[in-house]
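Student: A predicted structure for the sequence below; I have some questions about it.
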Amino acid sequence: MGIFRKRPIRYPLFILSIFGIMTFIILCTWSIGLGIGYGIGFALLMLYAWKVEQTTFKETEKHIESLSFRMKKVGEEALLEMPIGILLVNEHYEIEWSNPYMTSVLKMDNLIGESIMNVSDDIYVLMKTEEAHEATVTLRERKYRVYYKKEEHLLYFFDITEQIAIEKQYFADQTVIAILFIDNYDEITQAMDDQSRSLTNSLVTSIVNEWSAEHGIFAKRISSDRFLAVLNESILIELEKKKFAILDTLREKTAHKNLSLTFSIGVGAGSSSLVELGELAQSSLDLVLGRGGDQVAIKQPTGKLKFYGGKTNPVEKRTRVRARVISHALRDLIQDSDKVFVMGHRNPDMDSIGAAIGVRKMAQMNDISGYIIVNFNELNGSVTRLMNEIESKSDFYEYFLTPEEATAKMTEKSLLVIVDTHKPDLVIDIDLLNKADKVVVIDHHRRSEDFITNPTLVYMEPYASSTAELITELLDYQPKKVKINTLEATALLAGIVVDTKSFTLRTGARTFEAASYLRTNGADTVLVQRLLKEDVDTYIQRSKIVQTVQFLQPGIAVAVGEESIVYDSVLIAQTADILLTMKDVSASFVIARRADGKIGISARSLGEVNVQLIMEKLGGGGHLTNAACQVDEHSIEQVKKQLKEAIDKVLEGSSE
């Protein structure tokens, strides 16, 4: 307080004194009596002013001393008594001082000299990290927010246990909306009499009611094949832990009555807006139906998705009503366009090329010019042989265009049809996709998170063996002005043969109907076999990969290509198919380096293992029995390790 006791110069009194003396001298020169009278009065005034100033100064000094003492006392109490932990640490991460609160928190008699690592490893990491200034740590089963001041080596601890508990309760009570859809309900019940239909409805309703009562969910049947469920986040977490057991319950209980009913469930979560939750739930349901049903999708506003279920193959639809409706809608779109462009995926296979040829034929049937977009540098094997046949024996080879040629021809009225894929990053030319105003997607793969934005029309049927099968059905409802020729029918049939492994996998009654339609229209089965032949070198390469096979788990075979050799993607897929024919193999995976520099994985299954979920964990997708992915890694061994982790997670029942 020394600075407050030092009396400063009284500048106002000093100036006033100078002014008074000068006035006194001037008055004395005029009149001594007047000057003496003024001098006495001025002296009394100055004495009074000095006393007032003296009193004020002492009172101010006393107030400052009192305030300083109180502030010092408050600071000491804040440092020692307030419920805020303080630790002072030296450069060796040893505690030099702590306040009493911190000592009581850690329940240690003496903290001085203790290493900070003995208190918490998380605090040590915080102090070692250059960018971080705060962290949340757990001490004696309570949560603390820790702030670190690097220059002073000072740590502040704030107890946030109650705050975190309130936050958890808030999130646990957030509303979640789910839509439960009964797959194939209309098809299964349309042939039933009223009594059987009523019993089926009662069975499904009782299953939903038992499930909702068990978990505290409000569920209401809103139509013959839909339920609306309202729950909260804490209930959703419990359902996730049980992997949505209602899927298995409905499947098993209806199977006993020779019914194949399953649930598709779309869940909207993570938003405080009921409107947004409803939209998320509907979007999730659309995604589930696009993936074949019998599963659950949980969608957050951020776009994050979780999937559960998907253990069964999609059930083939017995009615062709949807095919007819889609065919008529596509016909209208084609007739409203000046040109039709068809594009499949990169490195096209027979299904992609065959489906594209079929869509071009639809355009021709509607008197509209149709073009197929291909990258001629990516053609190989059977596709190359097909293109040679088309060039030598048909008149539509000129309708195959490069992406550059198609870009030059495309106008605002043009229609772009994407076949055999729905992922924007897999199409032959992404710029062409972005340029098109009208886009149609026709695919037989299970829908993934990555989907073409705002398509005009979508026809996705995961039950179908191939896109060629879907296109063949659509052709049957187009105008019959132009007949499908032998080479076009053969290309479509080749696509079906390749994707079904000669009608052995994913084959339903409608697959044979499509094949029969193509055969009736002149499809050449001998030409199909000739197109699908392979050379000896390919056979030897595939055999060498098969020699590396290992079993990661019972029934799960993995084979790898040589690190230094680049393999054709078709060869990788064929090798996975061959492995699946081996004894005691229920799922096969082949890992090899691709021409684009990535490492590819082809996955096949007989249905017991969902290879789609496994591939999705590595950024790929596909079907329950047929999937693939491409990974940006430097080593095949690294990819093999990632694959093993993904297999373990899926087989343990996690599909997050």
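Tutor: Happy to help now that I have it. Fair warning: this is a prediction, and the values are worked out from it, not measured in the lab.
Student: Quick check: phi and psi on residue 264?
Tutor: Backbone dihedrals for residue 264, given as degrees, to the nearest 10, come out at phi -110, psi 130.
Student: measure it to residue 508 for me?
Tutor: Per C-beta to C-beta, to the nearest Å, residue 264 is found 19 Å from residue 508. C-betas here are computed from N, CA, C, even on glycine.
Student: Who has more neighbours out of those two?
Tutor: Shown here are residue 264 and residue 508; by other C-beta atoms under 10 Å, residue 264 has more neighbours (27 against 19).
Student: for that one, what are its contacts?
Tutor: Applying C-beta atoms under 8 Å, 6 or more residues apart in numbering to residue 264 gives the contacts 180, 181, 183, 285, 288, 289, 293, 294, 295, 296.
Student: Confirm that the last one lies within a strand, as I assumed.
Tutor: Yes. For residue 296, which was evaluated using DSSP: H, G, I helix; E, B strand; the rest coil, the result is membership in a strand.
Student: That one and residue 305: what is the separation?
Tutor: From residue 296 over to residue 305 the distance is 10 Å, taken as C-beta to C-beta.
Student: if we can go back for a sec, which of the contacts of residue 264 lies closest to residue 210?
Tutor: Distance to residue 210 across those (C-beta to C-beta) is lowest for residue 180, with 13.4 Å.
Student: so the closest one sits in a helix?
Tutor: No. Assessed by three-state DSSP, residue 180 does not belong to a helix; its assignment is strand.
Student: quick one: contacts for it?
Tutor: 208, 219, 226, 227, 228, 229, 263, 264, 265.
Student: try it again with 10 Å
Tutor: Listed by C-beta atoms under 10 Å, 6 or more residues apart in numbering, the contact partners of residue 180 are 204, 208, 211-212, 219, 221-222, 225-229, 246, 250, 263-267, 281, 285, 296.
Student: Check residue 449 too.
Tutor: Contacts for residue 449 were tallied using C-beta under 10 Å, 6+ apart; they are 287, 297, 299, 303, 304, 305, 307, 423, 616, 621.
Student: ok, back up a step: residue 296 and residue 305: which has the busier surroundings?
Tutor: Just comparing residue 296 and residue 305: by other C-beta under 10 Å the higher neighbour count belongs to residue 296, 26 against 17.
Student: Let's see the pLDDT reported for the more buried one.
Tutor: Here the pLDDT value assigned to residue 296 is 90.
Student: Contacts only, for it.
Tutor: By C-beta under 10 Å, 6+ apart, the neighbours of residue 296 are 178, 180, 239-240, 243-244, 246-247, 263-267, 284-285, 288, 306-310, 655.
Student: Repeat that for residue 382.
Tutor: Here residue 382 is in contact with 349, 350, 353, 494, 498, 528, 530, 531, 532, 533, 534, 570 (criterion: C-beta under 10 Å, 6+ apart).
Student: unless I'm mixing things up, the second one is touching residue 500, no?
Tutor: No. Proximity of residue 350 to residue 500 does not meet the contact threshold set by C-beta atoms under 10 Å, at 11.3 Å.
Student: Spell out which residues are contacts of both of those two.
Tutor: Jointly contacting residue 350 and residue 500 under the rule C-beta under 10 Å, 6+ apart are 466, 468.
Student: quick one, which of those two is more surrounded?
Tutor: A side-by-side neighbour count of residue 350 and residue 500, using other C-beta under 10 Å, places residue 350 first with 27 against 21.
Student: what separates that one from residue 493, distance-wise?
Tutor: In terms of C-beta to C-beta, residue 350 sits 9 Å off from residue 493.
Student: before we move on, what about residue 160?
Tutor: Distance, residue 160 to residue 493, by C-beta to C-beta: 67 Å.
Student: Which one of these two is surrounded by more residues?
Tutor: Neighbours per residue (other C-beta under 10 Å) separate residue 160 from residue 493, with residue 493 holding more: 27 against 15.
Student: How much space separates that one from residue 354?
Tutor: Residue 493 is 8 Å from residue 354, by C-beta to C-beta.
Student: shared neighbours of the two, which are they?
Tutor: Contacts common to residue 493 and residue 354, judged by C-beta under 10 Å, 6+ apart, are 468, 469, 472, 518.
Student: element containing the last one?
Tutor: So that's residue 518. Using DSSP states H and E, residue 518 sits in helix 509-520.
Student: Check which residues of that helix are buried.
Tutor: The neighbour-count check on helix 509-520 (16 or more other C-beta atoms under 10 Å) flags 510, 511, 512, 514, 515, 517, 518 as buried.
Student: Contact partners for the fifth one?
Tutor: Which is residue 515. 465, 468-469, 472, 492-493, 496-497, 500, 503, 507, 523, 525.
Student: any weak-confidence spans in the protein?
Tutor: 1-14, 16, 66-81, 132, 311-319, 653-656 (pLDDT under 70).
Student: Point to the residue nearest the middle of it.
Tutor: residue 304 (3.8 Å; C-alpha atoms, centre = their mean).
Student: Make sure residue 459 is indeed in a strand.
Tutor: Yes. According to three-state DSSP, residue 459 belongs to a strand.
Student: residues contacting it?
Tutor: Contact analysis of residue 459 by C-beta under 10 Å, 6+ apart lists 322-323, 325-327, 329-330, 417, 419, 440-444, 467, 470-471, 473-474.
Student: coming back round to it: what do residue 296 and residue 305 both touch?
Tutor: With C-beta under 10 Å, 6+ apart, residue 296 and residue 305 have common neighbours 267, 284.
Student: roughly how far out does the helix holding residue 518 sit from the chain middle?
Tutor: Between the centre of helix 509-520 and the centre of its chain there are 38 Å (C-alpha atoms, centre = their mean, to the nearest Å).
Student: next SSE after it?
Tutor: In N-to-C order, the element after helix 509-520 by DSSP H and E is helix 525-531.
Student: Show me which positions of that next one end up buried.
Tutor: 527, 528, 531.
Student: about what we covered before: nearest to residue 338, of the contacts of residue 264?
Tutor: The closest of the contacts of residue 264 to residue 338 turns out to be residue 289 (C-beta to C-beta; 33.1 Å).
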